[in-house]
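Asks: have a look; sequence and predicted model below, questions after that.
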Amino acid sequence: MARDVLIVDRFAPEAGKLRNVFDARFANPRGTGADRFVWDYWHVPGQYTALRTPAWTYFPKQLYESFHRRLVAWGRATLGCHDISPPWLSLYVEGCRQELHGDLPHGPWAFVFSLTHWRGRVFRGGETLLVRDEVLELWSDFTSVPGRGMEEGEIIRAIEPKFSRLTVFDPRIPHGVRQVTGTHDPREGRLVVHGWFVQPRPFVTGSLPVRALEAHIAELTDRLGGWLGALPISGLYSVAFDVDRRGGTSSVRTLSDTTRVPRASERARRQLIRAIREDIAGWRFGPQRGGSRVTLPLVFERG
C-alpha cells in the first residue's frame, strides 16, 4: 500500500445506525419533513456535482458524537492530528461526480468514511480516484518501451467506498470521485462522510506529560536544521514510540508519511527519516508511573 494512503475497513460500529437515520428520512419519497430539506445541491460546472449537508447537524447528537470521538481519537493516535475539520455528508446519485483536484489548504490528511451499501449496489461508478505517484513523476525517469502503453489502472488508483471503510490520503494528490450512473434514488447512491484531519501536534497515551517532550523536540528541531541542508522536503511525518516506567524509549516506528521531495533527492529523504527515528530511539525521560505511547508529528514546509 502507498505510504500516503491508509485504509481501515469496518472502522466504526456506529456506521449501521448512522445509515439507518439516512434511510429512514428517505423511506417515504412523498414525505415533507423538514429534515428532507437540509441538502445543498453543490454544482461547480466541469468540477463538482453532489448533494451535501453538514454531517454534525444531520445525525442525532449522541450518535454523531460517538462516531466523531472515534474518528478524532484515531487521528490523534495514528496521524498525530489533534482534530478534524467540520465534516460533510455527501450523496452521489445519477450524474454526480468530482473531477480531479487537490485540497492544499485544508489539512495534512483528507478522509472519506463510507456509508454506502457497496455490496449489492445498483449504480456504477462512485470510487474515490487518486492519481498514482508514477504519473506525478512520469518524466523524471521516463523511457519508451515499444508496444507498451498506459491504461487507466496504471494512471489512477480507484478505491471502492465499501460500507464502514475509512480511506485517508494526502490531499495534495490529485483526486476525485468517478461519476455515478444508474440510480436517482438517494437510498441507492454513494453516501460518505468526509473532511480533513487538522492541527498536528504530539499525542500521548499514558502517564508521560506532553511537556516532558518539549526539550527533546526542541533539540531534534535544532538538529533537523543541519540534517535538512537544502533538501526541498514538504509533508507530514508521524512517528510513534513507547516510553517505559524507567523513562526508556523503544519501538520507534513510522505511522504515516506524506513527505515528498524531487525524485533525485529521494535517497536523502530516506536518510533523513532514518536519522529522525534513530535520534528518538536515544531519548530518555525520568521515571514514570506507568508506560506511555507517544505519537509525534513533524511538519516539513520547505519549498
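Replies: Everything's here; your move.
Asks: C-alpha only now, for contacts and for neighbours.
Replies: Will do.
Asks: which other helices and strands does the helix or strand bottoming out on mean pLDDT in the chain contact?
Replies: Lowest mean confidence among the helices and strands of the chain (mean pLDDT, DSSP states H and E): helix 133-136, at a mean of 75. The helices and strands touching helix 133-136, judged by 3 or more Cα pairs under 8 Å, 6 or more residues apart in numbering; DSSP states H and E, number zero.
Asks: state the helix or strand in which R10 lies.
Replies: According to DSSP states H and E, R10 maps onto no helix or strand at all.
Asks: what's the local residue count around it?
Replies: 13 (other Cα atoms under 10 Å).
Asks: any idea how far it is from A27?
Replies: Distance of R10 to A27, computed by Cα to Cα, to the nearest Å: 25 Å.
Asks: if we can go back for a sec, would you put the C-alpha positions of the following helix or strand past the least confident helix or strand of the chain in CSV?
Replies: Using DSSP H and E, the helix or strand that follows helix 133-136 in sequence is helix 152-155. What follows is helix 152-155, C-alpha atoms only, in CSV (Å, rounded to 0.1, in the frame of the first residue of the first chain):
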residue,chain,number,x,y,z
GLU,A,152,-6.3,3.8,-16.5
GLY,A,153,-5.3,1.3,-13.8
GLU,A,154,-1.7,2.4,-14.2
ILE,A,155,-2.7,6.1,-14.0
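Asks: how about helix 152-155: buried residues?
Replies: Neighbour-count burial for helix 152-155 flags I155 (criterion: 16 or more other Cα atoms under 10 Å).
Asks: over to stretch 4-18?
Replies: By 16+ other Cα under 10 Å, the buried positions in stretch 4-18 come out as D4, V5, I7, F11, A12, A15, L18.
Asks: now those residues as TSV including distance to S114?
Replies: Formatted as TSV, those follow (distance: Cα to Cα, whole Å):
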residue	distance to S114
D4	19
V5	16
I7	11
F11	10
A12	10
A15	8
L18	11
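Asks: which of the residues you listed sits closest to A240?
Replies: The closest of the buried residues of stretch 4-18 to A240 turns out to be D4 (Cα to Cα; 16.5 Å).
Asks: what's near enough to touch that closest one?
Replies: F169, D170, S256, D257, T258 (Cα atoms under 8 Å, 6 or more residues apart in numbering).
Asks: T53 and L89 touch, don't they?
Replies: Yes - taking Cα atoms under 8 Å as the definition, T53 is a contact partner of L89 at 5.4 Å.
Asks: can you pull the domain assignment for the chain?
Replies: Annotated domains of the chain cover 5-200, 203-301 [automatic domain parsing].
Asks: ok, back up a step: give me the contact list for the least confident helix or strand of the chain.
Replies: I155.
Asks: check stretch 252-269 too.
Replies: Contact partners of stretch 252-269, identified using Cα under 8 Å, 6+ apart, comprise 3-4, 78-79, 137, 140, 170, 231-242, 277, 280-281, 300.
Asks: change it to 6 Å
Replies: Around stretch 252-269, the neighbours that count as contacts under Cα atoms under 6 Å, 6 or more residues apart in numbering are D4, P232, I233, S234, G235, L236, Y237, S238, V239, A240, F241.
Asks: just the buried residues of the residues you listed.
Replies: Buried members of those, counted by 16+ other Cα under 10 Å: D4, I233, G235, L236, Y237, S238, V239, A240, F241.
Asks: could I get those residues in JSON lines, plus columns for secondary structure?
Replies: JSON lines is the format used below for the buried ones among the contacts of stretch 252-269 (DSSP: H, G, I helix; E, B strand; the rest coil):
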{"residue": "D4", "secondary structure": "coil"}
{"residue": "I233", "secondary structure": "coil"}
{"residue": "G235", "secondary structure": "strand"}
{"residue": "L236", "secondary structure": "strand"}
{"residue": "Y237", "secondary structure": "strand"}
{"residue": "S238", "secondary structure": "strand"}
{"residue": "V239", "secondary structure": "strand"}
{"residue": "A240", "secondary structure": "strand"}
{"residue": "F241", "secondary structure": "strand"}
